[in-house]
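J.: Starting from these lines, generate the structure:
(chains A and B)
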Amino acid sequence: NAGVTQTPKFQVLKTGQSMTLQCAQDMNHEYMSWYRQDPGMGLRLIHYSVGAGITDQGEVPNGYNVSRSTTEDFPLRLLSAAPSQTSVYFCASRSRRSTDTQYFGPGTRLTVL
Amino acid sequence: DAKTTQPNSMESNEEEPVHLPCNHSTISGTDYIHWYRQLPSQGPEYVIHGLTSNVNNRMASLAIAEDRKSSTLILHRATLRDAAVYYCILLDSGAGSYQLTFGKGTKLSVIP
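T.: You can find the predicted model right below:
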(Lines give C-alpha, C1' and ligand atoms only; values in the text may rest on other atoms or scores of the structure.)
Protein backbone atom coordinates (compact mmCIF):
# COMPACT_ATOMS: atom_id res chain seq x y z
CA ASN A 1 0.00 0.00 0.00
CA ALA A 2 1.19 3.50 -0.83
CA GLY A 3 -0.88 4.91 2.04
CA VAL A 4 -1.77 8.59 1.65
CA THR A 5 -0.08 10.40 -1.22
CA GLN A 6 -0.04 14.13 -1.91
CA THR A 7 1.07 16.14 -4.91
CA PRO A 8 2.83 18.45 -5.41
CA LYS A 9 5.38 18.50 -2.58
CA PHE A 10 6.18 22.17 -3.11
CA GLN A 11 4.29 24.95 -4.88
CA VAL A 12 4.76 28.69 -5.29
CA LEU A 13 1.77 30.77 -6.40
CA LYS A 14 1.14 34.42 -7.04
CA THR A 15 -1.70 36.18 -5.28
CA GLY A 16 -4.96 35.53 -7.10
CA GLN A 17 -3.91 32.33 -8.81
CA SER A 18 -5.88 29.15 -8.31
CA MET A 19 -4.65 25.61 -7.93
CA THR A 20 -5.60 22.14 -6.73
CA LEU A 21 -3.71 20.10 -4.17
CA GLN A 22 -4.14 16.41 -4.86
CA CYS A 23 -4.65 13.72 -2.22
CA ALA A 24 -5.20 10.01 -2.73
CA GLN A 25 -5.37 6.98 -0.45
CA ASP A 26 -5.44 3.27 -1.27
CA MET A 27 -6.71 1.92 2.06
CA ASN A 28 -10.42 2.18 1.23
CA HIS A 29 -10.92 4.63 4.09
CA GLU A 30 -14.27 6.36 4.35
CA TYR A 31 -12.98 9.41 6.14
CA MET A 32 -10.58 11.93 4.59
CA SER A 33 -9.55 15.38 5.74
CA TRP A 34 -7.34 18.36 4.97
CA TYR A 35 -5.33 20.26 7.56
CA ARG A 36 -3.06 23.25 7.37
CA GLN A 37 -0.11 23.88 9.65
CA ASP A 38 1.42 27.30 10.10
CA PRO A 39 4.91 27.72 11.60
CA GLY A 40 5.07 26.74 15.28
CA MET A 41 1.40 25.79 15.35
CA GLY A 42 -0.63 22.64 15.55
CA LEU A 43 -2.72 21.39 12.65
CA ARG A 44 -6.03 23.06 11.89
CA LEU A 45 -8.83 21.28 10.06
CA ILE A 46 -9.93 22.85 6.76
CA HIS A 47 -12.48 20.42 5.29
CA TYR A 48 -13.34 16.78 5.76
CA SER A 49 -15.39 14.06 4.11
CA VAL A 50 -17.05 11.01 5.63
CA GLY A 51 -17.57 9.31 2.29
CA ALA A 52 -17.89 9.82 -1.45
CA GLY A 53 -20.25 12.69 -2.19
CA ILE A 54 -20.22 14.00 1.40
CA THR A 55 -18.07 16.90 2.56
CA ASP A 56 -18.20 19.35 5.44
CA GLN A 57 -16.32 22.35 6.76
CA GLY A 58 -13.73 22.27 9.46
CA GLU A 59 -12.26 25.05 11.56
CA VAL A 60 -10.74 27.18 8.76
CA PRO A 61 -12.64 26.55 5.49
CA ASN A 62 -12.66 30.03 3.95
CA GLY A 63 -10.85 30.26 0.62
CA TYR A 64 -10.88 26.51 0.01
CA ASN A 65 -13.19 24.11 -1.82
CA VAL A 66 -13.31 20.34 -1.76
CA SER A 67 -15.21 17.56 -3.48
CA ARG A 68 -15.20 13.78 -3.03
CA SER A 69 -16.30 11.97 -6.17
CA THR A 70 -14.49 8.73 -5.31
CA THR A 71 -13.44 6.99 -2.10
CA GLU A 72 -9.76 7.29 -3.08
CA ASP A 73 -9.41 10.97 -3.98
CA PHE A 74 -9.99 14.18 -2.03
CA PRO A 75 -8.61 17.26 -3.83
CA LEU A 76 -8.34 20.67 -2.16
CA ARG A 77 -8.89 23.72 -4.36
CA LEU A 78 -7.59 27.20 -3.64
CA LEU A 79 -9.91 29.53 -5.48
CA SER A 80 -7.87 32.74 -5.39
CA ALA A 81 -4.63 32.33 -3.48
CA ALA A 82 -3.72 34.85 -0.79
CA PRO A 83 -0.46 35.26 1.19
CA SER A 84 -2.36 34.17 4.32
CA GLN A 85 -2.70 30.74 2.73
CA THR A 86 1.06 30.20 2.82
CA SER A 87 1.31 27.05 4.90
CA VAL A 88 2.01 23.33 4.89
CA TYR A 89 -1.02 21.29 3.92
CA PHE A 90 -1.59 17.74 5.13
CA CYS A 91 -4.15 15.27 3.87
CA ALA A 92 -5.24 12.41 6.12
CA SER A 93 -7.49 9.38 5.98
CA ARG A 94 -8.92 6.85 8.42
CA SER A 95 -11.68 4.31 8.69
CA ARG A 96 -14.91 5.21 10.49
CA ARG A 97 -13.98 3.30 13.64
CA SER A 98 -12.93 5.84 16.23
CA THR A 99 -10.23 3.56 17.55
CA ASP A 100 -8.49 3.35 14.20
CA THR A 101 -5.34 5.16 13.23
CA GLN A 102 -5.41 8.32 11.14
CA TYR A 103 -2.82 8.22 8.39
CA PHE A 104 -1.24 11.41 7.12
CA GLY A 105 0.36 12.26 3.82
CA PRO A 106 3.83 13.82 3.56
CA GLY A 107 2.47 17.34 3.09
CA THR A 108 2.49 20.08 0.45
CA ARG A 109 4.47 23.21 1.23
CA LEU A 110 2.68 26.15 -0.38
CA THR A 111 4.02 29.67 -0.68
CA VAL A 112 1.82 32.49 -1.96
CA LEU A 113 3.67 35.63 -3.02
CA ASP B 1 -14.67 18.83 22.24
CA ALA B 2 -12.88 18.07 25.46
CA LYS B 3 -9.54 19.86 25.61
CA THR B 4 -6.07 18.69 26.57
CA THR B 5 -3.19 20.53 28.22
CA GLN B 6 0.43 19.64 27.58
CA PRO B 7 3.75 21.30 28.44
CA ASN B 8 5.18 23.29 25.55
CA SER B 9 8.54 21.54 25.63
CA MET B 10 10.58 18.85 27.37
CA GLU B 11 14.13 17.57 27.19
CA SER B 12 15.52 14.12 27.67
CA ASN B 13 18.91 12.50 27.51
CA GLU B 14 19.38 9.80 24.93
CA GLU B 15 18.63 6.25 26.13
CA GLU B 16 16.75 7.48 29.20
CA PRO B 17 13.00 7.08 29.74
CA VAL B 18 10.71 10.00 28.92
CA HIS B 19 7.36 10.70 30.53
CA LEU B 20 5.16 13.10 28.55
CA PRO B 21 2.15 14.30 30.57
CA CYS B 22 -1.30 15.30 29.34
CA ASN B 23 -4.17 16.73 31.36
CA HIS B 24 -7.75 16.26 30.19
CA SER B 25 -9.92 17.12 33.17
CA THR B 26 -13.14 17.42 31.12
CA ILE B 27 -12.82 14.02 29.44
CA SER B 28 -16.08 12.17 28.89
CA GLY B 29 -16.71 8.47 29.31
CA THR B 30 -16.67 7.83 25.57
CA ASP B 31 -13.47 9.75 24.81
CA TYR B 32 -10.48 7.75 23.65
CA ILE B 33 -7.03 9.17 24.40
CA HIS B 34 -4.87 9.23 21.29
CA TRP B 35 -1.22 10.20 20.96
CA TYR B 36 0.38 11.25 17.69
CA ARG B 37 3.83 12.62 17.00
CA GLN B 38 5.24 14.75 14.24
CA LEU B 39 8.86 14.40 13.26
CA PRO B 40 10.50 17.44 11.64
CA SER B 41 9.20 18.14 8.12
CA GLN B 42 6.83 15.17 8.19
CA GLY B 43 3.14 14.54 8.69
CA PRO B 44 1.92 13.33 12.08
CA GLU B 45 2.09 9.62 12.82
CA TYR B 46 0.12 7.50 15.24
CA VAL B 47 1.81 6.46 18.46
CA ILE B 48 -0.76 4.83 20.75
CA HIS B 49 -4.28 5.14 22.09
CA GLY B 50 -6.34 3.91 25.03
CA LEU B 51 -9.63 4.22 26.85
CA THR B 52 -9.23 3.18 30.49
CA SER B 53 -6.47 0.62 30.87
CA ASN B 54 -2.77 1.15 30.39
CA VAL B 55 -1.58 0.21 26.90
CA ASN B 56 1.73 -0.95 25.48
CA ASN B 57 2.97 -1.24 21.92
CA ARG B 58 6.34 -1.40 20.21
CA MET B 59 6.70 2.39 20.21
CA ALA B 60 5.55 3.43 23.67
CA SER B 61 3.37 2.87 26.71
CA LEU B 62 0.31 4.84 27.73
CA ALA B 63 -0.49 5.19 31.41
CA ILE B 64 -4.01 6.45 32.15
CA ALA B 65 -4.95 7.79 35.56
CA GLU B 66 -7.71 5.98 37.40
CA ASP B 67 -10.04 9.00 37.12
CA ARG B 68 -8.99 9.42 33.43
CA LYS B 69 -8.31 13.12 33.95
CA SER B 70 -4.70 12.73 32.96
CA SER B 71 -2.44 10.40 31.03
CA THR B 72 1.26 9.92 30.41
CA LEU B 73 3.01 8.77 27.29
CA ILE B 74 6.13 6.82 28.17
CA LEU B 75 9.05 6.33 25.83
CA HIS B 76 11.16 3.69 27.53
CA ARG B 77 14.50 4.62 25.96
CA ALA B 78 14.60 7.89 24.07
CA THR B 79 16.57 7.92 20.85
CA LEU B 80 17.51 10.86 18.66
CA ARG B 81 14.77 9.77 16.26
CA ASP B 82 12.18 10.38 19.00
CA ALA B 83 12.79 14.13 18.84
CA ALA B 84 9.39 15.38 17.68
CA VAL B 85 6.25 17.23 18.68
CA TYR B 86 3.90 14.93 20.60
CA TYR B 87 0.16 15.56 20.51
CA CYS B 88 -2.35 14.25 23.05
CA ILE B 89 -5.84 14.19 21.49
CA LEU B 90 -9.26 13.10 22.71
CA LEU B 91 -11.61 11.43 20.25
CA ASP B 92 -15.24 10.81 21.17
CA SER B 93 -16.18 7.33 20.04
CA GLY B 94 -19.87 7.91 20.67
CA ALA B 95 -20.56 11.04 18.65
CA GLY B 96 -19.60 9.92 15.17
CA SER B 97 -16.77 12.39 15.34
CA TYR B 98 -13.91 11.57 13.03
CA GLN B 99 -11.68 14.59 13.06
CA LEU B 100 -8.69 14.90 15.34
CA THR B 101 -8.28 18.31 16.98
CA PHE B 102 -4.61 19.17 17.37
CA GLY B 103 -3.28 21.54 20.02
CA LYS B 104 0.31 22.79 20.04
CA GLY B 105 1.65 19.60 21.60
CA THR B 106 4.90 19.05 23.47
CA LYS B 107 8.17 19.52 21.64
CA LEU B 108 10.55 16.83 22.83
CA SER B 109 14.27 17.42 22.44
CA VAL B 110 16.64 14.47 22.88
CA ILE B 111 20.18 15.28 23.98
CA PRO B 112 22.94 12.95 22.76
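
J.: can you pull the contacts of the closest residue to residue A:42 other than its chain neighbours?
T.: Among residues not flanking residue A:42 along the chain, residue B:102 sits closest, at 3.8 Å (Cβ to Cβ, 6 or more residues apart in numbering or on different chains). (C-beta placed from N, C-alpha, C; glycine too.) Applying Cβ atoms under 8 Å, 6 or more residues apart in numbering or on different chains, one finds that residue B:102 lies in contact with A:35, A:42, A:43, A:44, B:36, B:44, B:87, B:89.

J.: Could you report the distance from the residue in chain A that chain B sits nearest to to residue B:38?
T.: At 3.2 Å from chain B, residue A:104 is the closest residue in chain A, using Cβ to the nearest Cβ. Separation of residue A:104 from residue B:38 (Cβ to Cβ, to the nearest Å): 9 Å.

J.: which ones are touching the residue nearest to the spatial centre of chain A?
T.: The residue lying closest to the centre of chain A (Cα atoms, centre = their mean) is residue A:34, at 2.9 Å. By Cβ under 8 Å, 6+ apart, the residues touching residue A:34 are A:21, A:23, A:45-48, A:58, A:64, A:66, A:74, A:76, A:89-92.

J.: Apply 7 Å and report the result again.
T.: Residues in contact with residue A:34 (Cβ atoms under 7 Å, 6 or more residues apart in numbering or on different chains) are A:46, A:47, A:66, A:76, A:89, A:91.

J.: Residue B:45 too?
T.: Going by Cβ under 7 Å, 6+ apart, the list of residues near residue B:45 reads A:104, B:36, B:37.

J.: Which residue is the nearest non-sequential neighbour of the residue of chain B found nearest chain A?
T.: At 3.2 Å from chain A, residue B:43 is the closest residue in chain B, using Cβ to the nearest Cβ. Closest residue to residue B:43 apart from its sequence neighbours, by Cβ to Cβ, 6+ apart: residue A:104 at 3.2 Å.

J.: just checking, residue A:86 touches residue A:109?
T.: No. In this structure residue A:86 lies outside contact range of residue A:109 using Cβ atoms under 7 Å: 9.0 Å.

J.: and the residue lying closest to residue A:8 once chain neighbours are set aside, how many neighbours does it have?
T.: Excluding the flanking residues, the one nearest residue A:8 by Cβ to Cβ, 6+ apart is residue A:108, at 6.1 Å. For residue A:108, the neighbour count with other Cβ atoms under 10 Å in any protein chain shown is 23.

J.: Pairing partners for residue A:108 in the sheet, please.
T.: Beta-bridge pairing of residue A:108 under DSSP bridges involves residue A:89.

J.: cool, residue B:91 as well?
T.: residue B:32.

J.: Pull up the per-residue confidence for it.
T.: For residue B:91, the model assigns a pLDDT of 85.

J.: I'd assumed residue B:100 was in contact with it.
T.: Yes. Here residue B:91 reaches residue B:100: they are 6.4 Å apart, a contact under Cβ under 7 Å.

J.: Can you name the residues that contact residue 112?
T.: You didn't say which chain, so I picked chain A. Residues near residue A:112 by Cβ under 7 Å, 6+ apart: A:13, A:15, A:81, A:82, A:83, A:85, A:86.

J.: Correction: the question concerned chain B.
T.: Listed by Cβ under 7 Å, 6+ apart, the contact partners of residue B:112 are B:14, B:80.
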